[in-house]
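Q: build me a structure from this.
(one chain, ligands or ions: 1)
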Amino acid sequence: MSKIATLEIDGNKFELPFIVGSENEGAVDISKLRDLSGVITIDPGYKNSGSCKSEVTFLDGELGILRYRGYSIEDLAEKGHFLEVSYLVIFGELPTAEELIQFENDIRKHTLVNEEMKNIIDGFPKTAHPMGVLSALTSALTAFNPKSVNVENEKEMYEAVCKTMGKFLVIATWTYRKSMGFPLNYYDNTKGYVENFMRLMFELPTGPYKADPIVVSALDKLFILHADHEQNCSTSTVRMVGSSHAGLFASISAGVSALWGPLHGGANQAVLEMLEEIHKDGGDTEKYLSKAKDKNDPFRLMGFGHRVYKNFDPRARIIKKAADEVLATLGVEDPILEIAKKLEVAALEDEYFKSRSLYPNVDFYSGIIYRALGIPTDMFTVMFAIGRLPGWIAQWKEMRENKEPIGRPRQVYVGYPLREFKSVDKR
Ligand code: CMC
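A: Next up, the predicted model:
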């Protein structure tokens, strides 16, 4: 028998449907609450509000579980590769060998970016943050690909997906090339997606370039670990913007901006900057732990804490292991890694962090590994964006296919009641 939730307001009882997800998560459906009772709910930061039903990702923050389409993140990171996992996240099933080849080929058809996009890049100062440039360029794709804006059927949706996957990688790397004053590179359709990322970033016209397979494989794993994370800030932004029927590029451009913030994807850059600061300051981790605990100090331990994980972030566990392996294989000895380890041990034993369930998150170790792989610090959040792209696409596609209504929260107004306008000489 289906459960019902009862809400009582001033003696009036309202029955609300109770829904249960496929992993037994319960939710009170309040979609008719205002019609029934005249009141709304309020939940700043949406800590208790589900915005949609979704089949893409399952996350249990208490148990530290993350699954895409039913497959565990541990399994996917170990056995899958990025485009295969992207297909899974976007279309719901692991591709057959033929489907995967077709998908890779269809992405390759869209790896050339309109030359006029270079004029837009030229307008930015070299010092511009790559995430700002990436957001602008992603939005500009709308103008150069108008047919992919209003997708009306499955074929157009598939085309828009492949186009986004093809072009986003290229423009993401262009943001770095611009900042370095290097000529912008072209995708090489004879090579793989992640290998192309390295080439697009680092190949110079002055000499041959060969991407290190260890680096390519580590990056592939990192992209998989970032591929989706259910209704986080940037994904909710993508769904919200898309709910007004803005196109995929415009929605993803908004997602890039949301990801940029240091409380979200921007934390990976902030973590490394914090570790460098601690290193320069003599490596005294206790001092920075005390700062993080001091309510009068705005300093927070970047890479610690998570809105939904109240246990170890499973992605952080995999990345930590990968960081150890990659650094050992590449023979990198990094004092920053030592500081990170010291900080982690100290925080995990500290009452402040324990009582608030603050554990290392995905960003705590990703910066260290990116640094070992030769990725510049202000490109770290762009790396997150490249990895998160399939998730944004999948969630946008699901939202459109489910014909979800426009996202439009309500509010509780706490401002002035009606006031009479006074002319300026009487104020
Ligand atoms: N350092 C010190 N104290 C912290 C930290 C931290 N990193 N994170 C949370 N707290 C404290 C916070 O001050 C509060 O204490 P109290 O209860 O005494 O007021 C308590 O823990 C709960 O924090 P909150 O800010 O209410 O929790 P939230 O769910 O709103 O915020 C968070 C989650 C991720 C924004 C926050 O933990 C944070 O700012 N972490 C640092 C930034 C970071 O690493 N972000 C990356 C998140 S993972 C990547 C992604 O998916 O975006």
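Q: same question for stretch 268-282, mean pLDDT?
A: For stretch 268-282, the mean per-residue pLDDT is 94.
Q: which residues are in contact with it?
A: Stretch 268-282 is contacted by residues 262, 284-285, 287-288, 301-303, 335-336, 339-340, 343, 362-364, 366-368, 370-371, 377-378, 380-381, 383-384 when judged by CB atoms under 8 Å, 6 or more residues apart in numbering. (Glycine included, C-beta is placed from N, CA and C.)
Q: tell me which of those residues fall in helices.
A: Using DSSP state H, the members of these that fall within helices are 285, 287-288, 335-336, 339-340, 343, 362-364, 366-368, 370-371, 380-381, 383-384.
Q: can you name the residue of the protein nearest to the ligand?
A: Residue of the chain nearest the ligand, by CB to the nearest ligand atom: residue 305 (2.3 Å).
Q: what sits against that residue?
A: 356, 358-359, 361.
Q: and it, how far is that from residue 292?
A: Relative to residue 292, residue 305 is positioned 10 Å away (CB to CB, to the nearest Å).
Q: so among the contacts of residue 305, which ones count as buried?
A: Buried by 16 or more other CB atoms under 10 Å: 358-359, 361, out of these.
Q: enumerate the residues of the stretch 251-400 of the chain near the ligand.
A: Counting by CB under 6 Å from any ligand atom, the positions of the stretch 251-400 of the chain adjacent to the ligand are 263-265, 267, 292, 300-307, 356, 358, 361-363.
Q: circling back to that earlier point, which of the contacts of residue 305 lies closest to residue 81?
A: Nearest to residue 81, judged by CB to CB, of those is residue 361 at 24.1 Å.
Q: element containing residue 345, please.
A: Using DSSP states H and E, residue 345 sits within helix 335-349.
Q: which helices and strands does that helix pack with?
A: On a contact count with 3 or more CB pairs under 8 Å, 6 or more residues apart in numbering; DSSP states H and E, helix 335-349 meets helix 267-280, helix 285-293, helix 362-372.
Q: what's the angle from the first one to helix 285-293?
A: Our comparison of helix 267-280 with helix 285-293, counting by axes from the mean of the first three to the mean of the last three CA atoms, to 10 degrees, yields an angle of 130 degrees.
Q: from here on, call the first residue 280.
A: New numbering, starting at 280: the last item is helix 546-559.
Q: now do helix 546-559 against helix 641-651, angle only.
A: 70 degrees.
Q: rewinding a little: can I get the buried ones among the contacts of residue 584 in CSV including distance to residue 498?
A: Listed next are the buried ones among the contacts of residue 584 as CSV, based on distance: CB to CB, whole Å:
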residue, distance to residue 498
637, 28
638, 24
640, 19
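Q: got JSON lines for those, with pLDDT too?
A: Shown next, in JSON lines, are the buried ones among the contacts of residue 584 (pLDDT from 0 to 100):
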{"residue": "637", "pLDDT": "94"}
{"residue": "638", "pLDDT": "92"}
{"residue": "640", "pLDDT": "90"}
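Q: how many neighbours does residue 288 have?
A: Applying other CB atoms under 10 Å, we find 11 residues neighbouring residue 288.
Q: residue 441 too?
A: 22.
Q: how near is it to residue 672?
A: Counting by CB to CB, the gap from residue 441 to residue 672 is 10 Å.
Q: those strands in the chain, which residues are they?
A: 283-288, 291-299, 305-307, 336-339, 344-347, 350-351 (DSSP state E).
Q: now do the helices in the stretch 430-579 of the chain.
A: Remark: helices assigned in the stretch 430-579 of the chain by DSSP state H, counting those that start in this stretch are 433-459, 472-481, 492-505, 512-521, 527-539, 546-559, 564-572.
Q: of those helices, flag the one that's most buried.
A: Across those, averaging neighbours per residue (mean count of other CB atoms under 10 Å) puts helix 527-539 on top, at a mean of 24.
Q: what is the orientation angle of it with helix 546-559?
A: 30 degrees.
Q: helix 527-539 versus helix 433-459: what angle between them?
A: 50 degrees.
Q: alright, that wraps it up for me.
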